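**Q** structure for the following, please:
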Amino acid sequence: MSVEHASTRIIEGYARGDTNLPADEVWAVEAHLEACRVCRDRLAAVVRTEAAAVASLVDTVWSGLEPRLATTATMPRGRRWSARLARWMTPTMVPWLAMVVGVTLLALLLDLVGTDSGQVSLVLLFAPVLPVLGVAASWSRGLDPAYELTASVSRAGLYLVLRRTASVLGVVVPALLVGGWVTGVMVAQWLLPCLAFTATTLALGSVVGVTRAAVVLAGVWAAVVVAPTLATSRTTFALQTNGLPAWGLILALGIAVVIARRGAYSVLRAHR
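**A** This next block holds a predicted model:
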């Protein structure tokens, strides 16, 4: 398989710190350089020949660091595991995910001991918004103390958003699977709304910020579905099997918008 390398124009502009390079090209070349040794060698050659000030600065920094690196202890194995985990989630996500799982278990308990057969399952009722809370926490500017550092790395765009969303779903979906199995709710009946709401949150988040999108959608769901359902003790159309095609369409549209606006997640406003 052939590898597409960065163009000479981009390499030379990046080496000189050219401010005329579009932001998406800068992010793309930084991500490419991580995995392409050929382009890293090309960049080093350009720096030596066309960016003497940069080369001098690098040599000065390296001459100061090299003696220290020889005496610096390597990262303990436990911290290496923590560093790998940080690629998927932030420390602030842990209590939020614990809360989401706790809400799921509480809803399951109420389903088992406190509801009548004619009422809607609380697990089914809360399933669509539970992962949204975790997604909001995973990409929140206010909850992540390292958000500026995170947003500045080359993989801070859709790649990181999808990783963190996958980590949320990896915790929430098994909990909902157990809850649905115990209460007898069909998997598709809670899984499709769950995925559709998550995709819609990311899609709307590309415009107003992921956290704001999560808050808005959770509020709409509470007002339009949760409150009337609890008041009437009747399953709304949105939670019936007849509504599954609509949820499938919403999921497809959400994924399409996320793909179409994938560049929007590389800017700081996505953290709002």
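
**Q** what helix or strand is the residue most central in space within the chain on?
**A** Centroid-nearest residue in the chain: V161, 2.5 Å away (criterion: C-alpha atoms, centre = their mean). V161 belongs to helix 158-183 when elements are defined using DSSP states H and E.

**Q** so the nearest residue to T200 once chain neighbours are set aside versus T165, what's the distance?
**A** Sequence neighbours aside, G254 is the residue nearest to T200 in space, at 4.5 Å (criterion: C-beta to C-beta, 6 or more residues apart in numbering). (C-beta placed from N, C-alpha, C; glycine too.) In this view, G254 and T165 are 12 Å apart by C-beta to C-beta, to the nearest Å.

**Q** tell me, what's touching those two both at once?
**A** Common neighbours of G254 and T165 (criterion: C-beta atoms under 8 Å, 6 or more residues apart in numbering): T198, L202.

**Q** so between these two, which is more surrounded?
**A** Regarding G254 and T165, a neighbour count based on other C-beta atoms under 10 Å identifies T165 as having more, with 23 against 20.

**Q** and the pLDDT for the more buried one?
**A** Reading off the confidence values, T165 has pLDDT 81.

**Q** got the contact list for the nearest residue to it once chain neighbours are set aside?
**A** Nearest residue to T165, sequence neighbours excluded (C-beta to C-beta, 6+ apart): V135, at 5.5 Å. Under the criterion of C-beta under 8 Å, 6+ apart, the neighbours of V135 are R164, T165, V168, T198, T201, L202, V210, A214.

**Q** swap the cut-off to 7 Å and go again
**A** With C-beta atoms under 7 Å, 6 or more residues apart in numbering as the criterion, the residues that contact V135 are T165, V168, T198, T201, V210, A214.

**Q** so how far is A218 from it?
**A** If you go by C-beta to C-beta, the gap between V135 and A218 works out to 11 Å.

**Q** can you tell me the SS state at H5?
**A** Going by DSSP: H, G, I helix; E, B strand; the rest coil, the secondary structure assigned to H5 is coil.

**Q** can you give me the neighbour number for it?
**A** The burial metric for H5, expressed as a neighbour count using other C-beta under 10 Å, is 14.

**Q** my guess is it contacts D41. True?
**A** No. H5 lies out of contact with D41 (C-beta atoms under 7 Å); the separation is 10.7 Å.
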